[in-house]
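**Q** sequence first, then the predicted structure:
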Amino acid sequence: MSTVYPASTEAQERETLTASDLAWEQELNPWLAAEARFNIAAERLGMDEGLQKVLRTPSREITVYIPVMMDDGRIEVFTGYRVQHSIARGPAKGGLRYAPDVTLEEVRALASWMTWKCAVANIPFGGGKGGVICTPSLLSQSELERITRRYTADILEFIGPEKDIPAPDMNTNEQVMAWMMDTYSMHNRQTTTAVVTGKPLDLGGSRGRKEATGRGCMIVALEALKKFGMKPEETRVVIQGFGNVGGMAAMLMARAGFKVISIIEYDGALYNANGLDIDALMEHRKETGSINEFPGADSIDPHEALYLPCDILLPAAKENVITSRTAPKLNCKIIVEGANGPTTAPADEILQQKGVFVIPDILANAGGVTVSYFEWVQDRQGYFWNEQLVNERLTELMVEGFSAVTKYGDTHGVHNRTAAYMLALDRVAFAIKLRGLYA
Ligand code: NAD
């Protein structure tokens, strides 16, 4: 008997470990996270099963195999995807990512995410996403150009200003969009700038696009302050990620009077209780390549910085930062989700118990896709707006989005994330019902 007990305890421990590992793995899976939020919202809406089936299923998935001549004369075949999740409210809209580990499942989930984001932003787009399995750091510019052009040619009949409008995402940029636009235009026998967004300004890009996501974060943060009777000058902000979204949000918020007390990067974090000089920090990073050793702040542990007492925490780096492990230790009143999927589904519940006011990603970071919509509109008009007009219209839509989500939450007695998903599902379902099923 004495040999049985230890063995069974060990076995139990192993089992427990495996179960908790599995739970942790599942918590970090963004597709399961999106599914969890969809389920809660659909249930609260009392949505019928059939409609749920339509909303869960992408309307089209395209896989292409792209033969490309490499610089050394070898022929390689790359795999590319384009998923159009929904076109109920307008053409599909969403980025194109280049990465070695892109999967169809990932692209499918990201495409549905775009459907909900465009619906919350109330812009006339559905959701789409694309990906090509490749390692951009191992490719020359000319190889990247050939991959991009052949990918575009292979999905040509499925994209277009009225069908599906790609944009940059992970490892793709303005140059990739310029090649896509040119390839489409050559086949189309006319310059068609509105086929992609995120283009260079000289090729039909929009003013204000670079700052749009960070600006959108600031706009919704200001709306939250109004709700709580707070002033920017009294508001301490901690921002994780000093890239496009976090850097622009920090710059604009500091200029608007917020006290940005901490910036967290993967290799270091800065702290100044009186607020950092963000313009000077930008200069410092430009000169040294890092935020570290900035003279106007103390260096602190980036892992601990997340738990600093503050009014607003703005995660703008990556997904799965606020988890069941980190959420209990947070010390903030408001979370503005600049990044996509920074909070896991189990962390949602913890934040609710702590009474944190969360502005969810599909609302908080919708500024980027909103100005992409403006770019598409300007391209189709052939008339370009000044930056002030872009910013005014962005403010109008972000404020409307914030108001719609919070009102929806108040009416239905749910938190902002569930409210945002309910609003999105409701809007897309309404469009489907109005259009009817074509058979
Ligand atoms: P980016 O690459 O410009 O910036 C990300 C920054 O975060 C980098 O400076 C990086 O060093 C830092 N970072 C990475 N890992 C980190 C870590 N563990 N801790 C602290 N810092 C870390 O990317 P971005 O365009 O700013 O995007 C950031 C997030 O916002 C992503 O989730 C993206 O999907 C989302 N987003 C971006 C846009 C947009 O318009 N760029 C729009 C919507 C959502």
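**A** Cool, the structure landed. Numbering: from 1, shown residues only.

**Q** hmm, Lys333 is touching Ile312, no?
**A** Yes - under the criterion of C-beta atoms under 8 Å, Lys333 makes contact with Ile312 at 7.3 Å. Yep, even glycine has a C-beta here, placed from its N, CA and C like the rest.

**Q** what does the chain put close to the ligand?
**A** 213, 240-246, 264-266, 316-318, 338-340, 365, 368 (C-beta under 6 Å from any ligand atom).

**Q** buried subset of these?
**A** For the residues of the chain next to the ligand, a neighbour count by 16 or more other C-beta atoms under 10 Å gives the buried set as 213, 240-242, 244-246, 264-265, 316-317, 338-340, 365, 368.

**Q** Lys333 and Ile312: which is more packed in?
**A** Ile312 (27 against 19; other C-beta atoms under 10 Å).

**Q** so that one is in contact with Asn331, correct?
**A** No - at 11.5 Å, Ile312 does not count as touching Asn331 under the criterion of C-beta under 8 Å.

**Q** ok but Met47 is inside a helix, no?
**A** No - according to DSSP: H, G, I helix; E, B strand; the rest coil, Met47 belongs to no helix; its state is coil.

**Q** contacting residues for it?
**A** Listed by C-beta atoms under 8 Å, 6 or more residues apart in numbering, the contact set of Met47 reads 55, 425, 429.

**Q** and the last one, what's its pLDDT?
**A** So the one you mean is Ala429. The model reports Ala429 with a pLDDT of 97.

**Q** tell me the SS of it?
**A** On the three-state scheme (three-state DSSP), Ala429 is labelled helix.

**Q** in space, what's closest to it - neighbours in sequence excluded?
**A** In this structure, Ala429 finds its nearest non-sequential neighbour in Leu51, 5.4 Å apart by C-beta to C-beta, 6 or more residues apart in numbering.

**Q** for the one you found, helix, strand, or coil?
**A** helix.

**Q** right, and it touches Phe430 too?
**A** No - checked against C-beta under 8 Å, the pair Leu51 and Phe430 is beyond contact range at 10.2 Å.

**Q** who's more crowded, the two?
**A** Leu51 (16 against 13).

**Q** OK, contacts around that one?
**A** Counting by C-beta under 8 Å, 6+ apart, the residues that Leu51 touches are 429, 432-433.

**Q** Glu304 and Val54: what is the separation?
**A** For Glu304, the distance to Val54 equals 46 Å [C-beta to C-beta, to the nearest Å].

**Q** with Ala297 instead?
**A** Counting by C-beta to C-beta, the gap from Ala297 to Val54 is 51 Å.

**Q** all the helices of the stretch 51-200 of the chain, residue numbers only.
**A** With DSSP state H, counting those that start in this stretch as the criterion, the stretch 51-200 of the chain has helices at 104-121, 141-154, 174-188.

**Q** please identify which of those is closest to Thr406.
**A** helix 104-121 (11.8 Å; C-beta to C-beta).

**Q** tell me the angle of the closest one relative to helix 49-56?
**A** Orientation of helix 104-121 against helix 49-56 (axes from the mean of the first three to the mean of the last three C-alpha atoms, to 10 degrees) gives an angle of 110 degrees.

**Q** how about helix 104-121: buried residues?
**A** For helix 104-121, by 16+ other C-beta under 10 Å, it's 104, 106-121.

**Q** same for the helix or strand containing Ala36, what does it pack against?
**A** Assigned by DSSP states H and E, Ala36 belongs to helix 30-45. Contact here means 3 or more C-beta pairs under 8 Å, 6 or more residues apart in numbering; DSSP states H and E; on that basis helix 30-45 packs against helix 49-56, helix 104-121, helix 345-354, helix 416-435.

**Q** got TSV for those, with distance to Lys286 too?
**A** TSV is the format used below for the helices and strands packed on helix 30-45 (distance: least, C-beta to C-beta, whole Å):
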stretch	distance to Lys286
helix 49-56	45
helix 104-121	31
helix 345-354	34
helix 416-435	36
